[in-house]
Every structure is written in structure tokens, then in C-alpha cells.
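Q: The following block contains a protein sequence and its predicted model.
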Amino acid sequence: MKKEVVIIGGGPAGLAAAIEAAKCGAQVLLIDENKRPGGQLFKQIHKFFGSKAHNAGIRGIDIGRQLLKETEECGVEVWLDSAVIGLFADKKVAVLRNGTTVTVEAEKILICTGGAENPLRFPGWTLPGVMGAGAAQTMINVNRVLPGKRVLMVGSGNVGVIVAYQLLQAGANVVGIVEGMPKIGAYGVHAAKLRRAGVPFFLGHTIAEAKGTEKVEKAVIAKFENGQIVKGTELETEVDVICIAVGLRPLSELAQMAGVQHDFIPELGGWMPLHDGDMETNVPGIYVAGDTAGVEEANTAMDEGRLAGVSIAHTLGYLKDEETVQKKNEIKDRLNALRQGPFGERRLNAKQRVIEKGEAV
Amino acid sequence: MGNGVIIDGFPSMEEIKKANGWPTEKRFAKGPVAIAECVQEIPCNPCEGACPSHAICVGQPITNTPQVDREKCTGCGLCVAACSGLAIFVIDKTYSETEATVSFPFEYLPLPEPGDKVEALTRGGEYRCEGTIVRVMNPKRNDHTAVVTMAVPKEYIDDVRTMKRLNAPKEETVFEPVIPDGPIDDDVIVCRCEEITAGEIRKAVREYKGESVTEIKRRVRAGMGLCQGRTCGKLVTRIIQEETGKKPNEILPSTDRPPVRAVTFGELAGAKEGGCGDE
């Protein structure tokens, strides 16, 4: 089977890219291993930041609905419940679908398989009740199941703080947020919502132990200095859930096996595929976008997807040079706007390094 | 006085005044006015577009902190629901002789009703005084961000920013000192699929000089289970770091090979009709 464009991963980056490329006339196949596309968007019940062009002020779940509608309208072929299990030479994509493997030959491939939550090792971390913040968010916002009544959140970045707020909204009690650094990582406005609700932050603290026999019953936290737990500072409280939100890393197994050059970029989650200014990797015709191309957030993921979609449509001959330049510049301006300020600058600089290295490969 | 938003989790009065300004008492005497408490440069500007009087300016770049033109502001409160960060409030110091009102965004159910007596809380979530609910606005346009207006004695109006949510748990959370008696780190499982402990991995690093995730995987099978190291890869890297003092960029991740998802031989061979099986 041959397809012009195969997009692997139907999250914000994949959907935005599919729409962009299909609108220009490209034949697009979008593959997602879940039963429903949208990636993490359908878990995001809070209003998004950004500008009007980014759908700021609209809840993530509604942005997801809008993208799905557009995907249908512009004739993107979507395979759900289909896992890409490998990439082979000559851009052959092996897909596990309906109980069998299907091989699709693609002219262009976009890998946007997202990121994975980082784990944290501590005694008791394998007990039921210890879970990634993303898992808790799926339970409350997608499955409508409260994972527990008393939650300790480990990590004060935007993910930890947003999920903690949503746990409160779902009716759980968040007993505290533990942060190893001496300052809060999330946007102050997110943190302020939790402080108003009476949730304490334990800065310079970490999780020392999860206690329990069959499941988590208590959490022990302790002061954390120079990467070490300070003995004698341990405090314990009753919880039934411990959420871990200590960052994400790019999921790029497929890019790795396709021969894409990787590098270690700490600001964007560690080992990640390098790419050029148009999201193309050193393997011609293979593109990356979204968290796979460095962990950021949904707005940048959508714009990177659009950038990849435009580049792909252009190289396939569906877009004139002039129009392409104009579209790319608009998207790049928006990406730059999202990467400003004290929170965005590190990512802006890191992305510039990625692109410089990617173009030098 | 406070330590600021990155320590306390809510902005100090100094930070608010510096980043967003503060209305004069003369302006407060004229009626309701919006107060933005958005002190960090984050990429966000829906407040600017939400104001029918064009009283809020973010401008370019969109990381600017919002500035409210207090003369143009009518205190209508549309920005309160539009702010994605729930960081805009409307203060009315002319509500009565003794009381002022604060209108705040509220996204918890159940919503209060006018006339309810509630606990008025500060930016830090501390009880300040009793508040009386004056109005609850939740039109479709607000997209589920209700705007609650609450009256409190005038002397508390600069501090009070919300009410205690109505379903908040009654019991207090207690953190008590404890002497740890848990398992030692060597017995903590790192690879859940293959049940490999931190001690076994440490031994592999020390005795067999394993200095990459792949070497550890070959020696002790950490990362060879169902999840193919998706969970433990970072944990193994961490232990190699701890043991060798290497930096994370010096420790290569394991090599990824197909299949990246669990797959049966039947599925691979294209046993079912429709399978290609020509590879």
C-alpha cells in the first residue's frame, strides 16, 4: 500500500499537520494507536493560554473537537486502534491493525508520537496508587473516575499544578505539592489557583517513601538538598494517591530506528531527534513535531505540526514557493511569540540549538 | 509583605503593583474596577480581546503583563471569566458604607447562591472573614467559569480573593515527623516488567562496568520486558549517573528496534485475512 503522507500520532501536532497538508491537496493517512484521536487534548479541561491565533481562552477539549472536525472535513484518512511497530528502509511503515501487520510505503513521514512521563524511584513507588499525573488526569477527565480522596502531588511544574487543580475540581483533596527545587516551576497564575484553595507547596522537599501493604496508605516527604534527602526531616501524612509530575521526555523510538540523528537537549526533555527549521530530520522525508521534537506544550505542538504540514505539502508540489514562505513565516512568528518571557526563553534558545545542529547534520 | 509568586505561589502586593499597577483611591471611589494579578511574563492575551471598553492592553509581545486603563474600565467583569489563568478580579469599594465586594472566577461545583454566608479566603487560602454572596454569573459565554461576587467588610477587601469551596474536606491534613523504616534503596524495584532491583543494577554497573542503558539491559534484563524500557530507561540512566558520576548526556539510551509494541507471531505473519505479509 502506498500513501503520500503518513502521520504517526494523532495528538495536537499530528492533527494540525494533517489538516494543513490535506488542505493543500496532499493525500494524508493519520495513524493513532488509541481508539480516539486527539492525544492529550481531550484531557485538558482548562482554558489554554496563547493568543487568539492559538485559540487562547478555549478549553483544550474544545480545541481537540475543532481539530477533529477539520480533519474530517478536509478528507484525512484516519486509522485508529492502529499501532506503528516499526519504520524500515525506504520509508516503509509497519502498522499493527485489526490483528495483522500492514506495510505502508510513504513518500513523507511525520513522527509526532508525543512524550512520556518521567518515572521517579523511591521505596514504595511500585505500590498501586502511585501514578503519573497524566494517568490521574486521564482517570478524572476522560474516564470520570476519582483515583483517590487524598492526593500528594510530586512536582510543581505546569503539569503537576494543573492536574492538582483538576483533582480538586473532581472532588479530591490535594494534601500538598512537593518540589525538589527551592521555587515553584509552574506559571504563577496556576500556582495561585491552588494556594487560594489552601493547597500547600513544600519547596526543597521530595517524596521519600510510599507506605502501604496492598496500596498506598501514607506518604513520607523530606527536605531535599544537593540531590539528597536530609535525614531527620521526614514527615508523614495519610494519602491514597501519589502523583508523579517530574517532567516528560520525547518519545522517539521510531525516529531512532529510522536513523534520525539524536542529541541530548536537557531543556526539551533529554535525548531527542534533531531537525531543521522546517521540522525535517537528517533522513530526507522524515519529519518530527510536537513533544517528539522536544517537550513543550500543546500550542507549540500544533504550530510545529502546521509547519511540518506546510513543508511537506510544499516539497510534494502542492504549494507554490511564495505561498509556502508566507505560511511558514506566519507560523514561525507565532512559535517565537510562544517562546518569549522567562518561561519560554530557555526553550527558544534550546530550539535554536536543535535547528542549528539539525541543519549541520 | 510576601516572598513573591515563585515561593509563595501567589503574588505579593509589591509584585502586583509593579507588574499590573493598582487603582487610585479616587478611582475606587467611583465604583467597580478590574484588577489584574498576573505578574509573570507568560504568552497569553485573551483578557485584551475580552474587554468591550478596550481598557486592557497586553500588546506585543504577548508575554507582556496586562495593563488596565482604570478610566476606561467600567468594572463589568467580562475579563474575570475570560482570563485563562483566573487572575483578574473586580473590586467595588462603593458597595455599601461598611462593605466592599470582590468578583472572582470560580470553577468548583456546587456553586454558591446569592445570600449564602461563606468563608472568605485570602490569596494564600487563609480564612479572613465571613463573606456574603451577592451575585453568581455563569452564562454560556463564560464557558463554565462562574464569576462570583462576594461582599466582605471593607478592611479585608485588599486581601480576600476567593471563598472556600463548598465541598472542601472538613478534616485537616497533618504532616507528622516520622523515622523512616522502609526498604533500603537496593531492594527497590527499578524494572517493573522483569522485577530487577536497584541493587542488581548497581552491581552490574560496579562489577561489569556497565555504563550505558544497553549494557545494563544485556547484563540484568532491565528494559527487556513488555514495556521495552519505556518506564525504567530513565531510572537506569539515573543509577549509572549516581554510580559513575557521568552526566546524563554521556549515558546513551538503549537502542530501539521494531517492534516497539507487543505483537504476536500471528499478527507479525499476517495470519488474518487482509494482512500484507510481503515484508
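A: Looks like it arrived, so ask away. Numbers count the residues shown, from 1 in each chain, chains lettered A, B, ... in the order given.
Q: Domain-wise, how is the chain divided?
A: Here I'm looking at chain A. A:2-116+A:248-360, A:119-244 (automatic domain parsing).
Q: wrong one, I was asking about chain B
A: If you go by automatic domain parsing, chain B breaks into B:5-163, B:185-255.
Q: Looking at these, spot the one closest to A:Arg334.
A: Nearest of the domains of chain B to A:Arg334, taken as Cβ to Cβ: domain B:5-163 at 9.6 Å. (C-beta placed from N, C-alpha, C; glycine too.)
Q: Between its first and last residues, how far does that closest one reach?
A: Distance across domain B:5-163, first residue to last, is 20 Å (Cα to Cα, to the nearest Å).
Q: Repeat that for stretch B:18-30.
A: So stretch B:18-30: terminal residues 23 Å apart, Cα to Cα.
Q: Which residue ranges of the stretch 101-250 of chain A form strands?
A: A:115-117, A:130-132, A:150-154, A:173-179, A:201-203, A:205-211, A:218-225, A:228-229, A:235-238, A:241-244, A:248-250 (DSSP state E, counting those that start in this stretch).
Q: now swap in the stretch 1-150 of chain B and tell me
A: B:33-36, B:56-57, B:67-68, B:88-92, B:99-106, B:117-122, B:127-137, B:146-153.
Q: List the contacts of the first one.
A: Applying Cβ atoms under 8 Å, 6 or more residues apart in numbering or on different chains, the set of residues contacting strand B:33-36 from outside is B:16, B:20, B:22-23, B:27, B:47, B:55-56, B:65-68, B:70, B:73, B:75, B:77, B:79-80, B:83, B:87-92.
Q: Export it to CSV, keeping only CA atoms.
A: Coordinates of the C-alpha atoms in strand B:33-36 are reproduced here as CSV (Å, rounded to 0.1, in the frame of the first residue of the first chain):
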residue,chain,number,x,y,z
VAL,B,33,-12.8,48.3,38.7
ALA,B,34,-10.8,45.4,37.4
ILE,B,35,-7.5,44.3,38.9
ALA,B,36,-5.1,42.0,37.1
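Q: average pLDDT across it?
A: Averaged over strand B:33-36, pLDDT sits at 98.
Q: What pairs with that strand, parallel or antiparallel?
A: strand B:88-92 (antiparallel) (DSSP bridges).
Q: Return the angle between stretch directions for the partner strand and strand B:146-153.
A: 40 degrees (axes from the mean of the first three to the mean of the last three Cα atoms, to 10 degrees).
Q: from chain B, which residue is nearest to chain A?
A: B:Pro258 (2.5 Å; Cβ to the nearest Cβ).
Q: Confirm for me that that residue is in contact with A:Ile85.
A: Yes - using Cβ atoms under 8 Å, B:Pro258 is in contact with A:Ile85, at 5.5 Å.
Q: any residues in contact with both of those two?
A: By Cβ under 8 Å, 6+ apart, B:Pro258 and A:Ile85 have these common neighbours: A:Ala94.
Q: Name the residue in the two with the higher neighbour count.
A: Remark: of B:Pro258 and A:Ile85, A:Ile85 carries more neighbours, 21 against 16, as counted by other Cβ atoms under 10 Å in any protein chain shown.
Q: Distance from stretch B:38-56 to the middle of the chain?
A: Put simply, stretch B:38-56 sits 20 Å off its chain's centre (Cα atoms, centre = their mean, to the nearest Å).
Q: That one spans what distance, first to last residue?
A: Stretch B:38-56: ends 12 Å apart by Cα to Cα.
Q: That stretch and chain A in contact?
A: Yes - under the criterion of Cβ under 8 Å from any Cβ of the partner chain, chain A is reached by stretch B:38-56 at B:Cys38, B:Val39, B:Gln40, B:Glu41, B:Ile42, B:Pro43, B:Cys44, B:Asn45, B:Pro46, B:Gly49, B:Ala50.
Q: phi, psi of the third one?
A: Going back to what we said before, that points to B:Gln40. Reported as degrees, to the nearest 10, the phi and psi values for B:Gln40 are phi -110, psi 150.
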